[in-house]
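Novice: Coordinates only, no sequence provided:
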């Protein structure tokens, strides 16, 4: 029996995969609404879903590119406490950077902030923000006394 998976099935495949399974297992998956028979109608439905997903992904990618151009113009400045010989106490975390960007009107999660190195010295640093798996923006962070 040939089926199309409607959701991820452990050890079988991901949503949208077309599988050849035994009749009993195929019937079980169909009854549990995890699959449909791979008929002409089912294949057409799968194609429509894939087209919609691709269109949505392209829209997200275009929005990320627009956000990148705005984000790269931003420069963040943090005042930090320093000790002897301008040694910084602690460092600036991704959460602090994300919060500062939210204050400027951007919707950035702390998981999107990719620090190459710890921000624990005075001066300018470049921080990468991952907006999309294909789009990264680089912002400048300035640490002052």
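Specialist: Cool, got the structure. All values reported here derive from a predicted model rather than from experimental measurement. Numbers count the residues shown, from 1 in each chain.
Novice: What helix or strand is residue 125 located in?
Specialist: Secondary structure from DSSP states H and E places residue 125 in strand 123-132.
Novice: Going by neighbour count, list what's buried in the longest helix along the chain.
Specialist: The residue-count maximum for a helix in the chain (DSSP state H) belongs to helix 40-71. Across helix 40-71, burial judged by 16 or more other C-beta atoms under 10 Å covers 42, 46, 64, 67-68, 71. For every residue, glycine as well, the C-beta is placed using N, CA and C.
Novice: Could you export those residues to JSON lines, including columns for distance to residue 27?
Specialist: Shown next, in JSON lines, are the buried residues of helix 40-71 (distance: C-beta to C-beta, whole Å):
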{"residue": "42", "distance to residue 27": "15"}
{"residue": "46", "distance to residue 27": "20"}
{"residue": "64", "distance to residue 27": "43"}
{"residue": "67", "distance to residue 27": "47"}
{"residue": "68", "distance to residue 27": "49"}
{"residue": "71", "distance to residue 27": "52"}
